[in-house]
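A.B. asks: Give me a 3D structure for the following:
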Amino acid sequence: MTARDRYTPGLLAAIKIARKPLLAYLLFCLIGFLVFATTVLTESHSSEKTAFELLVACVAGIVGVLSGQLLALLRLRVIPLVIAATITLVVGITAMTTTSFHLPETLAISVVFFTFAFPCGLLSLQHRFELLSIFWPSVGWIGAVFTLLNAEHRVVQWQENKLSAWQPLPLAILFGFLVLLLAFLAMKQTVRVELWLALSGTATRRLEKQRELAVLPRKNLFPMLVVVLVLFVFTAVLSPFLFRTGKGERGSKETQTTEPEPDRTPKIDEDAVMRMLEKMKEGARKASYTLWPLLLLAILYRPAKRALLVSHLKAPIIPSPPSERIENLWEYVRIAAEDAGVEPSPSDSVEDLLRRVKDARFVSADLAACAEIYARSRYGFVLRPGDAMAMKKPSLAAARELRRDMTFLQRVRAWWRPLR
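C.D. replies: Residues are numbered from 1 along each chain as shown. Here you go, the predicted model:
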């Protein structure tokens, strides 16, 4: 499938297609952090300053989710984004390390929330690594559960009996988490099926089979509720055993001392956050010496690969038969045509490529000569003596002719574009 034939909807069309998982994930995060903020503020009796910092941080997290989803809808490539974000992070942390600049406490906490929420929002609309996006909403939901357990001083009971720590409200939060999680995953799969029905097969079939699918069809609602209940029971039973609590794990039957339990409700410790940022800056400074070569390798990988491939196509590194050298030179001409904006399909015949080039510009005599030699080699006709050498000069000239009207920016982009 070529770029001309590839389905590339605009931003509004992409929002319409992805609206179900987009809204489901956004609702997943919003409810999770609303529950988390409400739990922290009501159970810990935080000051107005702490409440303000927490609310600003949660808003920064939602902004990070929306920013990541916007970039996903624009179909920006993940690897360049990761490289750019890593370079920006290293440069920023290095600059903060070498100077006496310090972020305000509220802004520092918000930056941490945004940094974790942004990649999760980006991955929530991707077709790969989408399960990693569950990390950020899980922070809110699971954080609310642990806040309630600490506020109700259930740690002592947890040490004695793991299952005794559960109360109705934490169980309700866990149930809501599982319901929204499965709803988000179901909507993702629904969008995949809708795209498959809309884009696969012939045009006639696409028009006949194209239809809207309900995210939760009535016939699938009961099985989904059964899955939620099963996961709810297993999670409620097994999750307490995943955390270390102390004496309860060693099987001790000694009576517990009734000492007053310290207040373990989570509070935003600004000093601890700043110390964590200082450690991050120090770690980034030490890692930067080994990170820069890896970043350069990631940035220069495609140009280096292209240079090696193009050099091999023009002059094979190892001795090759004439038919293979002719195929290599024709592939070099195809790469030049793609650089110039012509998008040949892998299944195109020689005539198809010439027609595409003719539609975009004109077919030069050198390109026609290359096509004539390659057609005889490709379709099994007899090769004339010296055809491989005779094709080299017109192929190089045809490539130069195809790239003649390219601007400097187009030539730079050609070096970094993926080669099929």
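A.B. asks: Helix or strand: which one has F232?
C.D. replies: For F232, the element it lies in under DSSP states H and E is helix 218-238.
A.B. asks: Repeat that for Y332.
C.D. replies: helix 322-339.
A.B. asks: A13 too?
C.D. replies: Per DSSP H and E, A13 falls inside helix 11-17.
A.B. asks: contacting residues around that helix?
C.D. replies: Helix 11-17 is contacted from outside by P9, L22, L73, L74, R75, V191, E194, L195, using Cβ atoms under 8 Å, 6 or more residues apart in numbering. Heads up, the C-betas are built off the backbone N, CA and C, glycines and all.
A.B. asks: Including pLDDT, secondary structure and neighbour count, could these go into TSV?
C.D. replies: TSV is the format used below for those (pLDDT from 0 to 100; DSSP: H, G, I helix; E, B strand; the rest coil; neighbours: other Cβ atoms under 10 Å):
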residue	pLDDT	secondary structure	neighbour count
P9	69	coil	13
L22	90	helix	24
L73	86	helix	19
L74	84	coil	10
R75	78	coil	11
V191	80	helix	19
E194	74	helix	16
L195	74	helix	14
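A.B. asks: Can you pick out the most distant pair from these?
C.D. replies: L74 and E194 (20.2 Å; Cβ to Cβ).
A.B. asks: my read: E53 touches A108, true?
C.D. replies: No - at 9.6 Å, E53 does not count as touching A108 under the criterion of Cβ atoms under 8 Å.
A.B. asks: more crowded one of these two?
C.D. replies: Between E53 and A108, counted using other Cβ atoms under 10 Å, the more crowded position is E53 (22 against 17).
A.B. asks: Can you name the helix or strand that the more buried one falls in?
C.D. replies: Per DSSP H and E, the secondary structure element for E53 is helix 48-73.
A.B. asks: What are the buried residues along that helix?
C.D. replies: Across helix 48-73, burial judged by 16 or more other Cβ atoms under 10 Å covers 50-51, 53-54, 57-58, 60-66, 68-73.
A.B. asks: which helices and strands does that helix pack with?
C.D. replies: Based on contacts counted as 3 or more Cβ pairs under 8 Å, 6 or more residues apart in numbering; DSSP states H and E, the elements that helix 48-73 packs against are helix 11-17, helix 19-44, helix 105-124.
A.B. asks: Skipping its backbone neighbours, what lies nearest C58 in space?
C.D. replies: F33 (4.6 Å; Cβ to Cβ, 6 or more residues apart in numbering).
A.B. asks: Any stretches of the stretch 151-300 of the chain with poor pLDDT?
C.D. replies: For the stretch 151-300 of the chain, applying pLDDT under 70 flags the ranges 153-165, 197-222, 236-274, 276-278, 280-292.
A.B. asks: go again using 80 as the cut-off
C.D. replies: Applying pLDDT under 80 to the stretch 151-300 of the chain flags residues 151-167, 192-229, 231-299.
A.B. asks: Domain ranges for the chain, per the record?
C.D. replies: Per automatic domain parsing, the structural domains of the chain span 11-250+263-287, 315-416.
A.B. asks: CA atoms of the helix or strand hosting C370 as CSV?
C.D. replies: Per DSSP H and E, C370 falls inside helix 365-378. Once non-C-alpha atoms are left out, helix 365-378 reads as follows in CSV (Å, rounded to 0.1, in the frame of the first residue of the first chain):
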residue,chain,number,x,y,z
ALA,A,365,15.2,9.0,-22.2
ASP,A,366,17.5,7.6,-19.6
LEU,A,367,14.6,6.3,-17.5
ALA,A,368,13.0,4.7,-20.6
ALA,A,369,16.3,3.0,-21.4
CYS,A,370,16.6,1.6,-17.9
ALA,A,371,13.0,0.3,-18.0
GLU,A,372,13.7,-1.4,-21.3
ILE,A,373,16.7,-3.3,-20.0
TYR,A,374,15.1,-4.2,-16.7
ALA,A,375,11.9,-5.4,-18.4
ARG,A,376,13.9,-7.9,-20.5
SER,A,377,15.7,-9.1,-17.4
ARG,A,378,12.6,-9.2,-15.2
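A.B. asks: Please work out the average pLDDT along that helix.
C.D. replies: The average pLDDT for helix 365-378 rounds to 83.
A.B. asks: quick one: the next helix or strand after it to helix 365-378, angle?
C.D. replies: Using DSSP H and E, the helix or strand that follows helix 365-378 towards the C-terminus is helix 387-402. Orientation of helix 387-402 against helix 365-378 (axes from the mean of the first three to the mean of the last three Cα atoms, to 10 degrees) gives an angle of 140 degrees.
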